[in-house]
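Q: Predicted model, plus sequence, below.
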Amino acid sequence: MLSSGEVLDATLDLAAGHDSPETSPPQSLHDAERLHVERVLASTGWVVEGPKGAAKILEMNPSTLRSLMKRLGIRRPA
């Protein structure tokens, strides 16, 4: 880590590194959970189960993921 002065600015940017054009981080745990699940589903092409499915990545049972999706109101885009 390098700094050009005597003080190192280590500001944490919570929105950095996301593919989404969002400008602010989620405001609630519900929003954060929904955003995370949606991003994982998008990264798998909305594949829920199987060796490369979202449930495997999220380390949960596929039926649990489906229940979570229902509770969070997550539906595959048309």
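A: Looks like it arrived, so ask away. Just so you know, these numbers come straight off a predicted model, no measurement behind them.

Q: alpha carbons only for contacts and neighbour counts from here, please
A: Will do.

Q: ok, and what's touching the helix or strand harbouring residue 40?
A: Element membership of residue 40 [criterion: DSSP states H and E] is helix 29-43. Contacts of helix 29-43 with the rest of the structure, by C-alpha atoms under 8 Å, 6 or more residues apart in numbering, involve 25-26, 47-48, 53-54, 57-58, 69, 72, 74.

Q: Can you name the secondary structure element that comes next after that helix?
A: Along the chain past helix 29-43, the next helix or strand (assigned with DSSP H and E) turns out to be helix 54-57.

Q: Just give me how far that next one sits from the chain centre.
A: Relative to its chain's centre, helix 54-57 lies at 12 Å (C-alpha atoms, centre = their mean, to the nearest Å).

Q: Same check on stretch 58-71?
A: Relative to its chain's centre, stretch 58-71 lies at 14 Å (C-alpha atoms, centre = their mean).

Q: Give the buried residues for that stretch.
A: Of the residues in stretch 58-71, those with enough neighbours to count as buried (16 or more other C-alpha atoms under 10 Å) are 62, 65-66, 69.

Q: Need the per-residue pLDDT for the spatially most central residue of the chain.
A: Taking C-alpha atoms, centre = their mean, the centroid of the chain lies closest to residue 36, which sits 2.1 Å from it. The model reports residue 36 with a pLDDT of 97.

Q: now it: how far from residue 6?
A: With distances taken as C-alpha to C-alpha, to the nearest Å, residue 36 is found 37 Å from residue 6.

Q: just residue 25 next, same as before
A: Spatial separation of residue 25 from residue 6 under the definition C-alpha to C-alpha is 30 Å.

Q: repeat for residue 46
A: Relative to residue 6, residue 46 is positioned 48 Å away (criterion: C-alpha to C-alpha).

Q: Likewise for residue 41?
A: As defined by C-alpha to C-alpha, residue 41 lies at a distance of 44 Å from residue 6.

Q: Please apply the same query to residue 37.
A: With distances taken as C-alpha to C-alpha, residue 37 is found 41 Å from residue 6.

Q: Point out where this protein drops to low pLDDT.
A: 1-5, 8-23 (pLDDT under 70).

Q: residues near residue 7, how many?
A: 7 (other C-alpha atoms under 10 Å).
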